[in-house]
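Trainee: Generate a structure from the sequence data that follows.
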Amino acid sequence: MKNLLFLVMIGLLLGCGEKAEEMPPLQQYTIDQFMNTTSVFGSSFSPDESKILFTSDASGIYNAYTVPVGGGEAEQITFSDSNSIFITSYFPEDERFLYRSDKGGNEIWHIYLYDNGEVRDLTPGEKARSTFFGWSKDKKSFFYQSNSRDPRYNDLYEMEIASFESSMIFQNDEGFNLSSISDDKNLIALNKTITRNNSDMYVFNRAAQNLSHLSEHEGDINYFPVSFSNDNSTLYFLTDENSEFTYLKSYNLSDNKASTVEKSDWDIMYSYFSENENYRVSGINNDAKTEIVITDMKTGKPLELPQLPNADITSVNMADSESIMTFYVNGSRSPSNLYAYDMKSKEYRKLTDSMNKDINPAHLVESTIVRYKSFDGMEIPAVMYTPHQAKDGKVPALVWVHGGPGGQSRVGYNPLIQYLVNHGYAILAVNNRGSSGYGRTFFTADDRNHGQGDLQDCIYGKKYMIDSGLADPDKVGIIGGSYGGFMVLAALAFQPEAFELGVNIFGVSNWLRTLKSIPPWWEAFREALYKEMGNPETDEEYLRSISPLFHADKIKRPLMVLQGANDPRVLKVESDEIVDAVRKNEVPVEYLLFDDEGHGFSKKENRIEAYKGILDFVNYHFSAANQ
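Mentor: Now for the predicted structure:
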């Protein structure tokens, strides 16, 4: 009965209940109204488990906030007005906390200590990139990884809380990815990337100074270590061995035997244990939605969690006492909100209220999962957003392309998508071949075929919208960020008649330059990236052939480009040069450059300018098509 009542409550909160479906006259909201919605994520319990530390952009930029577990007003703790602050964790035994921050989106993360209003950079260095790795079991230290010794590789360090002095405990000279450390601090689990479809796992024994290879295999199989058991006898790992999808296995370090622990018909994205191993929490990528499974280790049975219509429960965090957990609830028409759940009373509390109260969720739209055939008969999954205006006839539309390569468009609240849909645009978020979440075969289908088969999937997405009677055939554009931005440029350059316009958000235009200038801390993935995309030293001709910059003379449809000046992944010059090249064609080009952003726009004022600019751009050019 309690779960039923909770379902009804959540349905109303998400705009999924019957009352929300009584559609009032449609209202179109301004970008300021949309951006008055708050983005929240992350959670860390205070040592007494009375409050939760989380990240919010309520101030206009991401800062640290706290909220009582029992509910109440959130309190802003940090007050940055320049660089975003992302919470990491409370200290185990007091209310000091750690957070990470960079400079203007340059992704050179540092770990900061917040102590009663005082802030200290614990990992200084202009080029040193450091990220939190976990607290020690004895709660006297924490681990972090840093490339301060060698910009290419992350070494593992331990920092003592009493002195804040650190020491290196694993020197990483071979490009390993650090995965986990055992409770006794002796064993370190490592992953070695070969290609994005093939990897190995190792365990380093500090006492014996011995490295053991645990995944001898032939062919393409991925092995991702997850965590050690509390008694240090077992390593849990994810793999796709003999399977289309990743699943959870255990490796007994005494007898070297592996056993299957948990399987699904979809990828298990992550799995971890609560502090005392009474619960296992797994996240499953179920057709572009997150499905959480919490297993009671005493009974071996999953806990009953509410099945929320058109919404995800995500980011489950179990307190050390294992008596309380937090999670986020997110739906297409509702941004993420933080909840607390009492494991004994089975009571839920909503702790944040992210949606701007001026916005009626009934004026937003629910996403639906659709599938269509591409040029070669391959079935392509996509997330469809149909505007309310479609009931009056065909509407303008945009094909949305996710980042990556290898990303995925997923069900959930996206303010830019809902803003565009609210103003009458149909959006088809395509999960083109090469997207994650649909099995090994689908994931590898775009290798050395970028801007070709995957682009055709996008073009056939346009065809799907037109054939269904939804989209105006003369008003379909393409929009995407990062790798999706490259796909926008590829569409305009290689299929110049396919779309009426393109919106490129920090997309690659020159693969030769991008692959030569990847951030040094990506060294562990460099060879895998080269094998997938091409090596700039040996595959120059191929990379030139798929780089839109070298074919920009073919572009004749309006283009908008958005870029962060500090982007370390797709350099500003990528956007500068494509803008200059297309302008030579006397094609309309609009360029929005943000001096204080990187690979993604974290400040609300910048997102407001970017999103309004995108709507103005597509409105203008689609309106011009009528003249």
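Trainee: What lies in contact with the top strand by length along the chain?
Mentor: Looking across the chain with DSSP state E, the single longest strand is strand 471-481. Defining contact as CB atoms under 8 Å, 6 or more residues apart in numbering, one finds that strand 471-481 is touched by 394-403, 426, 458, 462, 465-466, 486-488, 491-492, 498-507, 600, 614, 618, 621-622, 625. C-betas here are computed from N, CA, C, even on glycine.
Trainee: which helices and strands sit right next to the helix or strand immediately after that strand in the chain?
Mentor: Using DSSP states H and E, the helix or strand that follows strand 471-481 in sequence is helix 483-494. With contacts taken as 3 or more CB pairs under 8 Å, 6 or more residues apart in numbering; DSSP states H and E, helix 483-494 sits against strand 395-401, helix 453-467, strand 471-481, strand 502-505.
Trainee: Quick check: mean pLDDT of the helix or strand just after the shortest one?
Mentor: Once strand 502-505 ends, the next helix or strand along the chain (criterion: DSSP H and E) is helix 511-516. For helix 511-516, mean pLDDT rounds to 94.
Trainee: Name the residues of helix 511-516 that are buried.
Mentor: 511-515 (16 or more other CB atoms under 10 Å).
Trainee: repeat for stretch 127-144
Mentor: In stretch 127-144, counting by 16+ other CB under 10 Å, buried: 129-133, 135-136, 141-144.
Trainee: any idea how far Asn210 is from Leu187?
Mentor: Asn210 sits 10 Å away from Leu187, going by CB to CB, to the nearest Å.
Trainee: Tell me which of those two has more neighbours.
Mentor: Using other CB atoms under 10 Å as the criterion, Asn210 and Leu187 rank with Leu187 on top: 19 against 9.
Trainee: beta partners for the more buried one?
Mentor: For Leu187, the beta-bridge assignment (DSSP bridges) gives partners Asn205.
Trainee: and the gap between it and Lys249?
Mentor: For Leu187, the distance to Lys249 - CB to CB - is 17 Å.
Trainee: if I pick the most centrally placed residue in the chain, what's in contact with it?
Mentor: By CA atoms, centre = their mean, the mean C-alpha position of the chain lies nearest to Gly407, the distance being 8.3 Å. Applying CB under 8 Å, 6+ apart to Gly407 gives the contacts 435-436, 482-484.
Trainee: ok, so of the buried residues of helix 511-516, who is nearest Val119?
Mentor: Closest approach to Val119 among the buried residues of helix 511-516 (CB to CB): Thr514, at 34.9 Å.
Trainee: Contacts only, for the closest one.
Mentor: 508, 569-571, 574.
Trainee: Separate out the buried members of the contacts of strand 471-481.
Mentor: Here, 16+ other CB under 10 Å leaves 394-403, 426, 458, 462, 465-466, 486-488, 491-492, 498-507, 600, 614, 618, 621-622 buried among the contacts of strand 471-481.
Trainee: Which pLDDT does the model give Arg196?
Mentor: 88.
Trainee: follow-up on the earlier one: so the longest strand of the chain versus strand 395-401, what angle?
Mentor: In terms of direction (axes from the mean of the first three to the mean of the last three CA atoms, to 10 degrees), strand 471-481 departs from strand 395-401 by 30 degrees.
Trainee: mind listing what strand 471-481 pairs with, with the direction of each?
Mentor: strand 395-401 (parallel), strand 502-505 (parallel).
Trainee: Turn those strands into TSV, including distance to Ser254 and mean pLDDT.
Mentor: TSV is the format used below for these (distance: least, CB to CB, whole Å; pLDDT from 0 to 100):
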stretch	distance to Ser254	mean pLDDT
strand 395-401	48	98
strand 502-505	51	98
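Trainee: which stretch among the ones you listed comes nearest Pro519?
Mentor: Across these, closest to Pro519 is strand 502-505 (CB to CB), at 19.0 Å.
Trainee: Quick one: distance of that closest one to the chain centre.
Mentor: Put simply, strand 502-505 sits 19 Å off its chain's centre (CA atoms, centre = their mean, to the nearest Å).
Trainee: pull the CA atoms of it into CSV?
Mentor: Listed next in CSV are the C-alpha coordinates belonging to strand 502-505 (Å, rounded to 0.1, in the frame of the first residue of the first chain):
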residue,chain,number,x,y,z
GLY,A,502,22.7,22.4,-38.5
VAL,A,503,23.5,23.3,-34.9
ASN,A,504,27.0,22.2,-33.9
ILE,A,505,27.8,22.3,-30.2
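Trainee: Write a ChimeraX command that selects only the buried members of the contacts of Thr514.
Mentor: In ChimeraX syntax, the buried subset of the contacts of Thr514 is picked out as below (16+ other CB under 10 Å):
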select :508,569,570,571,574
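Trainee: With distance to Tyr385, pLDDT and secondary structure added, can I get the contacts of Thr514 in a markdown table?
Mentor: Formatted as a markdown table, these follow (distance: CB to CB, whole Å; pLDDT from 0 to 100; DSSP: H, G, I helix; E, B strand; the rest coil):
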| residue | distance to Tyr385 | pLDDT | secondary structure |
| --- | --- | --- | --- |
| Val508 | 26 | 96 | coil |
| Arg569 | 27 | 93 | coil |
| Val570 | 26 | 95 | coil |
| Leu571 | 32 | 95 | coil |
| Glu574 | 29 | 96 | helix |
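Trainee: Turn the helices and strands packed on helix 483-494 into CSV, columns for distance to Asn205.
Mentor: Shown next, in CSV, are these (distance: least, CB to CB, whole Å):
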stretch, distance to Asn205
strand 395-401, 45
helix 453-467, 43
strand 471-481, 43
strand 502-505, 46
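Trainee: So for Ser182, which of the ones you listed sits nearest?
Mentor: The nearest among the helices and strands packed on helix 483-494, by CB to CB, is strand 471-481 at 38.7 Å.
Trainee: what mean pLDDT would you report for the closest one?
Mentor: pLDDT averaged over strand 471-481 gives 98.
Trainee: and the angle for that strand with helix 453-467?
Mentor: 150 degrees.
Trainee: Can you tell me what sits against stretch 150-157?
Mentor: 127, 131, 133, 143-149, 166-178, 181, 188, 520-521, 523-524.
Trainee: show me what contacts Glu158?
Mentor: Neighbouring residues of Glu158 by CB under 8 Å, 6+ apart: 136, 141-143, 166-167, 169, 185.
Trainee: Am I right that it sits in a helix?
Mentor: No. Going by DSSP: H, G, I helix; E, B strand; the rest coil, the assignment for Glu158 is strand, not a helix.
Trainee: Any idea what it is bridged to?
Mentor: Assigned bridge partners for Glu158, using DSSP bridges, are Phe143, Ser167.
Trainee: State the distance from it to Phe91.
Mentor: 15 Å.
Trainee: do Glu609 as well
Mentor: From Glu609 to Phe91 the distance is 38 Å (CB to CB).
Trainee: Neighbour count: those two, which is higher?
Mentor: Each of Glu609 and Phe91 has its neighbours counted (other CB under 10 Å); Phe91 has more, 19 against 16.
Trainee: Identify the residues contacting the residue lying closest to the more buried one once chain neighbours are set aside.
Mentor: Excluding the flanking residues, the one nearest Phe91 by CB to CB, 6 or more residues apart in numbering is Phe97, at 6.5 Å. Shown in contact with Phe97 (CB under 8 Å, 6+ apart): 44, 53, 64, 87-91, 113-114.
Trainee: Check the gap between Phe97 and Gly117 for me.
Mentor: In terms of CB to CB, Phe97 sits 12 Å off from Gly117.
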